[in-house]
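Asker: below is the sequence, then the predicted model.
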Amino acid sequence: MKTASDTREVLVLYYSHHGSVRELARHIAHGIEQTPGVVARLRTVPRVSAVCEATDAAIPETGAPYVEAIDLEECIGLAMGSPTRFGNMAAPLKYFLDSTSGLWLKGALAGKPAAVFTSTASMHGGQESTLLTMMLPLLHHGMVVVGIPYTEPALSATREGGTPYGASHISGSDGNTIVSEHEKQLAVALGRRLAETAKKLAS
Ligand SMILES: Cc1cc2nc3c(=O)[nH]c(=O)nc-3n(C[C@H](O)[C@H](O)[C@H](O)COP(=O)(O)O)c2cc1C
């Protein structure tokens, strides 16, 4: 049995409105936990209110707890996921990232590995632009970005989501398309690769 002293945690931080990114987060967490001595810590961010701040409950009624700066400090790596919104990450996640300048000033994330994941409605709806631009704030924080190599057979075989820049899913115009086998394999592979890298860098 794992104890707190012999396990390290990798943060899986995501925003999901309709559940597709949350499902990818679950597969990434599964991949992380295939690495001995590493467990996933799942966290989300609240929606951004268009009217005023702090209208949401401090603790969500269901699902992962809201992220705090301490989660980023304590974890040895980060997987960050967002739905694609007009070819970019969703505002709630960006809003949270914009609050992390204290961590940036301390260099709290410098040298830790990170990976990104997304979901789009359509095949060519901007997965790659979302994944690549999600990396930028992480690079400013000094994080070491981990992708998916073509040694993963599913990366060449997929006819759905899954990219060298990160895990992805195509949810369809109604948002109900389930995560395909290839998308799942690539999400698990990304989680495992991130956890293995984090473990090596932390030792
Ligand atoms: C404001 C808005 C903008 C969106 N922009 C895009 C887009 O640029 N490309 C795309 O394919 N899907 C776009 N979508 C669809 C979502 O990316 C897609 O439904 C995604 O799977 C939702 O993830 P979730 O289920 O985790 O919330 C957009 C949705 C919204 C609400």
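Answerer: Now that the structure is in, tell me what you want to look at.

Asker: around the ligand, which positions in this protein sit nearby?
Answerer: Proximity of the chain to the ligand is assessed by CB under 6 Å from any ligand atom, with 16-22, 83-87, 119-122, 125-126, 171, 175 identified as the residues in range. For the C-beta atoms, the positions are set from N, CA and C on the backbone; glycine is no exception.

Asker: can you rerun that using 5 Å?
Answerer: For the chain, the residues found near the ligand under the criterion CB under 5 Å from any ligand atom are 16-21, 83-87, 119-122, 125-126, 171, 175.

Asker: where along this structure do the helices fall?
Answerer: 20-32, 69-74, 91-97, 101-106, 127-140, 153-157, 181-202 (DSSP state H).

Asker: okay, now residue 111: neighbour count?
Answerer: 12 (other CB atoms under 10 Å).

Asker: so what pLDDT did it get?
Answerer: Per-residue confidence at residue 111 stands at 98 (pLDDT).

Asker: wait, what's in contact with it?
Answerer: Residues near residue 111 by CB atoms under 8 Å, 6 or more residues apart in numbering: 142, 143, 144, 201.

Asker: hmm, which of those are the buried ones?
Answerer: Of the members of the contacts of residue 111, the ones counted as buried by neighbours, 16 or more other CB atoms under 10 Å, are 143, 144.

Asker: ok, the contacts of residue 111 vs the ligand, which is closest?
Answerer: Minimum distance to the ligand across these is 22.6 Å, recorded for residue 143 (CB to the nearest ligand atom).
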